[in-house]
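J.: With the sequence up front, the predicted model follows.
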Amino acid sequence: DAKTTQPPSMDCAEGRAANLPCNHSTISGNEYVYWYRQIHSQGPQYIIHGLKNNETNEMASLIITEDRKSSTLILPHATLRDTAVYYCIVRAMNTGFQKLVFGTGTRLLVSP
Amino acid sequence: EAQVTQNPRYLITVTGKKLTVTCSQNMNHEYMSWYRQDPGLGLRQIYYSMNVEVTDKGDVPEGYKVSRKEKRNFPLILESPSPNQTSLYFCASSQPGTISGAEAFFGQGTRLTVV
């Protein structure tokens, strides 16, 4: 699986958009970008994933650059409950077993 | 509601006393895994199972056992716990072979302390 690089921490004001970047310059053609988050020692929670097109769901938007070497997770209106560690993971679909390799992630602090 | 249930949520035990952490999922998923999370080391996979009676070691299997006799259950067994197994444990399940296989569901965690 390709390695990812994320900033260790970010701050965001409540109600503003939180834009979390991720670099994955060694991503290969069959690898997807996934985002998970972990709220204070709870189990990680799936947010979104994508291959090359931008994706949006009820939680967030995922913007992937055209060369696929980086992506941005956007929380459009951050709330205090979005304070968490966000993990960007790159891996191939349908690999032999379901193992997620979590890096150190970005600790997002949403403040009032 | 789709969920992965772990029990217990908190456990303090003594060195050498066998214990089992249970994990159950209600989504008929084929894949199940156990992870441990330690400060500065992130989440590391202990064991995984691709289906009933099919299990294999992850990155840190020493000191742990698992079994998969039924699709929904994947217990983690510590035959002789030691203090270095003090950690936060997570069970996860997912379904391979589909787009939705990207979504791994995690339990709420079991915080284990071995004294």
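T.: Yep, that arrived.
J.: So what pairs up with the residue of chain B found nearest chain A in the strands?
T.: Nearest residue of chain B to chain A: residue B:106, at 3.1 Å (C-beta to the nearest C-beta). Placement of C-beta: from N, CA and C, glycine included. Beta-bridge pairing for residue B:106 (DSSP bridges): residue B:92.
J.: what about the nearest residue to residue B:78 once chain neighbours are set aside, how many neighbours?
T.: Spatial nearest neighbour of residue B:78, chain neighbours left out: residue B:19 (5.2 Å); criterion: C-beta to C-beta, 6 or more residues apart in numbering or on different chains. Residue B:19 has 17 neighbours, counted by other C-beta atoms under 10 Å in any protein chain shown.
J.: repeat for residue B:30
T.: Using other C-beta under 10 Å, the number of residues around residue B:30 comes to 19.
J.: Find the nearest non-adjacent residue to it, please.
T.: Residue B:30 sits nearest to residue B:51 (C-beta to C-beta, 6+ apart), 5.0 Å away.
J.: And for residue A:87?
T.: Nearest residue to residue A:87, sequence neighbours excluded (C-beta to C-beta, 6+ apart): residue A:105, at 4.2 Å.
J.: give me the number of residues near that neighbour?
T.: 26.
J.: For the host helix or strand of residue A:63, give the mean pLDDT please.
T.: Following DSSP states H and E, one finds residue A:63 within strand A:61-64. Strand A:61-64 comes out with an average pLDDT of 97.
J.: Can you list the strands that that strand pairs with?
T.: For strand A:61-64, the paired strands and their directions (DSSP bridges) are strand A:55-56 (antiparallel), strand A:70-75 (antiparallel).
J.: what's the most buried one of those strands?
T.: Ranked by mean neighbour count, these are led by strand A:70-75 with a mean of 20 (mean count of other C-beta atoms under 10 Å in any protein chain shown).
J.: does residue A:64 have beta-bridge partners, and which?
T.: residue A:71.
J.: Would you confirm that it contacts residue A:49?
T.: No - using C-beta atoms under 8 Å, residue A:64 is not in contact with residue A:49; the gap is 10.3 Å.
J.: list residues touching both of the two?
T.: residue A:33 (C-beta atoms under 8 Å, 6 or more residues apart in numbering or on different chains).
J.: Please identify the residues of chain B in proximity to chain A?
T.: B:4, B:31, B:33, B:37, B:42-43, B:45, B:48, B:50, B:56, B:58, B:88, B:90, B:92, B:94, B:96-97, B:99, B:101-109, B:111 (C-beta under 8 Å from any C-beta of the partner chain).
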